[in-house]
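> Make a model of this:
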Amino acid sequence: MSEEKYVVCQCQGGWGKHILFTAFLQVVQKAHPDRKIIAVVAWPELFASLPFVHRVFPLGQTQYFYSTYIEGRDTIIYAQEPYFATSHVTKTHPLIETWCMIYGLTYKGEQPVIKINAEQKKAIRSFYEPRIENKPFLLIHTNGGMYNSERPYSWARDLPFDVACKVANHFKKSHFIMQVTRQVCPKIPDVFVRNEPLSNTELAGIVELTDKRLLIDSSLQHVSCAFGLPATVCWNATSPVIFGHKIHDNIVAKEKPKKDLPGAYFFDYSFDQNENEFPYEDEDVSNIFNIDQIIDSLEKQSNEPKKGFG
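Next up, the predicted model:
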């Protein structure tokens with residue numbers, strides 16, 4: 001038997017979930033300092049530069065994995081899906097903490113981490129800094145999900161377009177404003193729009209350049225947390241308890257009337273193709289948030305982390 005000891009940790013799903021996974025891996029490292037962490041993930045570029053990860057494999061590209069890391073080895077496997085754990089389904093604990101509870105690990109507030117190397121930062125800055133023109137940089141992330149989605153709007157997660165436009169109008173004289181969205185989604189007038197597919201590294205690098213951030217429950221709010229940057233995050237149908245971060249100002253939409261959801265199993269609202277789940281009666285989506293509350297939050301926002309960073 002090889003003397004090397006391993007912990008194989010698997011994650012599948014979206015990029016935001018993988019950013020949270022970096023916090024879980026730090027807990028694993030502290031619990032098993034004598035073991036090398038092998039990460040099997042859907043977004044390997046996020047883990048390649050992390051010092052606590054020994055090897056990273058893309059899901060589905062694990063040739064000779066069993067004979068190398070499992071057969072005849074002292075190996076622990078952490079590959080269960082936390083989305084189906086009781087504390088996640090019942091929305092009582094943050095996802096990172098649920099991940100730890102599954103394996104009896106102690107969570108002590110470990111946070112997500114993203115590493116961008118110097119050459120990557122230089123390339124990102126060389127593109128954006130000439131456009132910013134020495135103004136404060138406000139990022140508005142209006143629509144989440146995969147770039148190839150054909151849906152222009154998901155009420156359960158996306159920022160209502162009228163809300164985004166009102167925020168942009170308030171700040172456009174004093175700030176350089178960028179909207180991050182998808183190609184099928186509406187563009188905020190008179191702002192710089194990135195709606196073409198961008199690499200995860202570039203998306204993260206954009207967040208690191210910003211002075212103010214208006215985000216939704218999608219990957220960029222996790223990126224913002226990983227950099228220690230507070231954001232104003234709007235929550236429609238998803239829960240800041242399980243997906244949110246204390247560093248952010250989490251603004252929850254207008255309370256939803258009680259409604260039976262025939263298609264709901266372990267979760268209430270789905271992210272996409274969910275028009276039949278819309279809970280408000282004759283309600284314009286632009287009215288589910290208090291625009292004054294959002295603008296006030298952004299006005300007060302700074303790059304100094306709030307107490308209780310987490």
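
> Pull out the buried residues from the lowest-mean-pLDDT helix or strand in the chain.
In the chain, the helix or strand scored least confidently by mean pLDDT, DSSP states H and E is helix 118-132, which has a mean of 91. Along helix 118-132, these residues count as buried under the neighbour rule (16 or more other Cβ atoms under 10 Å): 120, 124, 128, 132. Bear in mind the C-beta positions are built from the backbone N, C-alpha and C, glycine included.

> again, but for stretch 98-116
Residues 98-103, 105, 107, 110-114, 116 are the ones in stretch 98-116 that count as buried (16+ other Cβ under 10 Å).

> picking up where we left off before, the least confident helix or strand of the chain - contacts with which helices or strands?
Packed against helix 118-132 by the contact rule (3 or more Cβ pairs under 8 Å, 6 or more residues apart in numbering; DSSP states H and E) you find helix 200-209.

> List of residues touching the next helix or strand after the least confident helix or strand of the chain?
Using DSSP states H and E, the helix or strand that directly follows helix 118-132 along the chain is strand 137-141. The contact list for strand 137-141, computed with Cβ atoms under 8 Å, 6 or more residues apart in numbering, reads 159, 164, 167-168, 171, 175-181, 188, 191, 206-207, 209-216, 218, 220-221, 298.

> So which residues of the stretch 51-200 of the chain form helices?
For the stretch 51-200 of the chain, helices defined by DSSP state H, counting those that start in this stretch occupy the ranges 65, 86-89, 95-102, 118-132, 161-171, 200-209.

> likewise the stretch 201-310 of the chain?
In the stretch 201-310 of the chain, the segments counted as helices under DSSP H, counting those that start in this stretch are 219-226, 240-243, 291-300.

> Of those, which stretch is the most buried?
helix 219-226 (a mean of 26; mean count of other Cβ atoms under 10 Å).

> Measure how far that helix is from the centre of its chain, please.
In terms of Cα atoms, centre = their mean, to the nearest Å, the centre of helix 219-226 is set 5 Å apart from its chain centre.
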